[in-house]
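In: have a look at this prediction, sequence included:
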Amino acid sequence: MVRSLNLLAETTIRAKEMKPGRYSDGGGLYLMVKRGGTKSWTFVHFKGSGKGREWKEAGLGSYPSVSLKDARIAATNCRDRLRRGLEPIDTEVKAEKPTFGKSADDLIAAVGKGWRNAKHKAQWEMTLGDAYCKRIRPKQVDTVDTADILEILKPIWLEKPETAQRLRGRIERVLDAAKAAGHRSGENPALWRGHLQHLLPKRKKLSRGHHAAMPYVDVPAFVQRLRASEAMSAKAMDFLILTAARSGEVLGAAWPEIDFVEKLWTVPAERMKAGIVHRVPLTDAALSILKPLYEARINDYVFPGESKRREHVPLSVMAMTMQMRRMEVGEFTPHGFRSAFRDWCGDQTSFPREVAEAALAHRVGDSVENAYRRKDALEKRRKLMAAWANYLKAPAVRGNLCLVGGNQI
């Protein structure tokens, strides 16, 4: 008797409302649907005869990592092996696939060489490490399926939408890299479009590219609180605010970059987001932070780690964020002080836009304009940063302070 084959339709399999159970595609191929909606393929056959006949199952992988088409091919191979008197699945020992953890670490090591910001690398290591992926890191990368991804994402999908979406994208990239290396096959279970978008609730709108910024009118009072602390993280944040620099630039600052005579901090191109050398004029307030640190220096880092274990490396990428949390200032971020500085420039001074943008190491204008603008307005920026430093030490009049061309009126 000829068996019916290809009984299932792709549209039926994709449906979210499929009830838990076993669905036959014919020829021994079944789709298993579990509570929660996870789906997997299994090949069913009988072994032996008479009273000794046994029902056997062989797993063929999860859906949609293994598509309907791939499952049918695998089932055909199973039937062919049975006809030849073999087990439906090749049980010969094969080279073990790498774990998800190793695949993630290898990807970070490979692509991380192009990252200038140490914080970016640390975020990848944290999200793909035990913080979120502890359960799947020991699993062979070819066995990570949709159920695994959902178990990781569901607890944070609505509570931490930014983190959840970045984490999903990073897992997707790890699994894509594993497939490219021949360690996986089939569709990526972390894929959003056409897959996870049907399994997770609609996420909150992401606020990409924006960091919570403290209003500039509140920054002077915050700085006064910072200066009452002797913590290295507080000094680093004070310096970050005074220079309007990025966290990674400050945390990676090294003494050879500091010129006390010229009152200048030169950040090398490899540590800048734009890949261009950035000169930062140092105010007296900034120098008052640096000089005691230079006299007590223990290595080349301006802001070394605070514990004995970390004294030969720079401050942790989370040091300034944790400093702000200890000071209980809400959801504001260290990076947000750059926005506060820029708002202050626009609202309270008459310095040209180009000078303010240069202070933030932003490029202004098109490629032709930038080709002719070879100077970095250092002396004009020196006056701007001095005005900013004066503003920061005068919280009592911060609401009424107005600067025209850098002069208080």
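Out: Yes, it's here.
In: tell me where the stretch 301-409 of the chain has strands.
Out: Using DSSP state E, counting those that start in this stretch, the strands assigned to the stretch 301-409 of the chain run over residues 403-404, 407-408.
In: same thing with the chain?
Out: Secondary structure of the chain (DSSP state E): strands located at 21-26, 29-33, 39-47, 54-63, 258-259, 264-267, 278-281, 403-404, 407-408.
In: domains in the chain, by residue range?
Out: Per the record, the chain has its domains at 10-83, 100-198, 216-408, by automatic domain parsing.
In: for these, give me a markdown table that also has distance to residue 89, mean pLDDT and mean neighbour count.
Out: (Each C-beta comes from the backbone N, C-alpha and C, glycine too.) Below are these laid out as a markdown table (distance: least, Cβ to Cβ, whole Å; pLDDT from 0 to 100; neighbours: other Cβ atoms under 10 Å):
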| stretch | distance to residue 89 | mean pLDDT | mean neighbour count |
| --- | --- | --- | --- |
| domain 10-83 | 5 | 84 | 15 |
| domain 100-198 | 14 | 89 | 17 |
| domain 216-408 | 46 | 84 | 17 |
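In: between those, which one is nearest to residue 4?
Out: domain 10-83 (4.7 Å; Cβ to Cβ).
In: quick one: end-to-end length of the closest one, please.
Out: 28 Å (Cα to Cα, to the nearest Å).
In: going forward can the numbers begin at 694, since that is how I track them
Out: Let's use 694 as the start, then, which means that last one is domain 703-776.
In: residue 760 against residue 878, yeah?
Out: No - in this structure, residue 760 is not within contact of residue 878 by Cβ atoms under 8 Å, at 9.8 Å.
In: contacts for the longest helix along the chain next, please.
Out: Assignment by DSSP state H gives helix 854-873 as the longest helix of the chain. The contact list for helix 854-873 (Cβ atoms under 8 Å, 6 or more residues apart in numbering) reads 791, 793, 796-797, 799-800, 816-817, 820-821, 825-826, 834-835, 837, 842, 845-846, 849-850, 877-878, 881-885, 889, 896-897, 899-901.
In: do that again at 7 Å, thanks
Out: Residues outside helix 854-873 that contact it (Cβ atoms under 7 Å, 6 or more residues apart in numbering) are 793, 796-797, 800, 817, 820-821, 825, 834, 837, 842, 846, 849-850, 877-878, 881, 883-885, 889, 896-897, 899.
In: repeat for stretch 821-832
Out: 792-794, 797, 837, 841, 844-845, 860, 863, 867.
In: now those residues in JSON lines, with distance to residue 706?
Out: Below are the contacts of stretch 821-832 laid out as JSON lines (distance: Cβ to Cβ, whole Å):
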{"residue": "792", "distance to residue 706": "29"}
{"residue": "793", "distance to residue 706": "25"}
{"residue": "794", "distance to residue 706": "31"}
{"residue": "797", "distance to residue 706": "29"}
{"residue": "837", "distance to residue 706": "20"}
{"residue": "841", "distance to residue 706": "19"}
{"residue": "844", "distance to residue 706": "21"}
{"residue": "845", "distance to residue 706": "23"}
{"residue": "860", "distance to residue 706": "27"}
{"residue": "863", "distance to residue 706": "28"}
{"residue": "867", "distance to residue 706": "26"}
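In: OK, contacts around the closest residue to residue 750 other than its chain neighbours?
Out: Leaving aside its sequence neighbours, residue 750 sits nearest to residue 735 (Cβ to Cβ, 6 or more residues apart in numbering; 5.0 Å). Shown in contact with residue 735 (Cβ under 7 Å, 6+ apart): 723, 725, 750-753.
In: now for those: which two are most distant?
Out: Most distant of these, by Cβ to Cβ, are 725 and 751, 12.1 Å apart.
In: which residues in the stretch 794-943 of the chain form helices?
Out: 811-820, 823-826, 839-846, 854-873, 912-919, 925-936, 940-944 (DSSP state H, counting those that start in this stretch).
In: I'd like those as CSV, with distance to residue 954 appended.
Out: Shown next, in CSV, are the helices of the stretch 794-943 of the chain (distance: least, Cβ to Cβ, whole Å):
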stretch, distance to residue 954
helix 811-820, 29
helix 823-826, 45
helix 839-846, 53
helix 854-873, 43
helix 912-919, 26
helix 925-936, 18
helix 940-944, 21
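In: right, and the ones you listed - which one's nearest residue 729?
Out: The nearest among these, by Cβ to Cβ, is helix 839-846 at 7.5 Å.
In: run the angle between that closest one and strand 747-756 for me.
Out: Between helix 839-846 and strand 747-756, the angle formed by their directions is 50 degrees, by axes from the mean of the first three to the mean of the last three Cα atoms, to 10 degrees.
In: name the residues that touch helix 839-846?
Out: 731, 755, 758, 825-826, 828-829, 857, 861, 864, 882-883, 889, 892-893.
In: and it, how far out from the chain's middle?
Out: Centroid separation for helix 839-846 versus its chain: 18 Å, with Cα atoms, centre = their mean, to the nearest Å.
In: returning to what we had before: want to try TSV for the contacts of residue 735, with distance to residue 919 as columns?
Out: Converted to TSV, the contacts of residue 735 look like this (distance: Cβ to Cβ, whole Å):
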residue	distance to residue 919
723	64
725	58
750	64
751	64
752	58
753	60
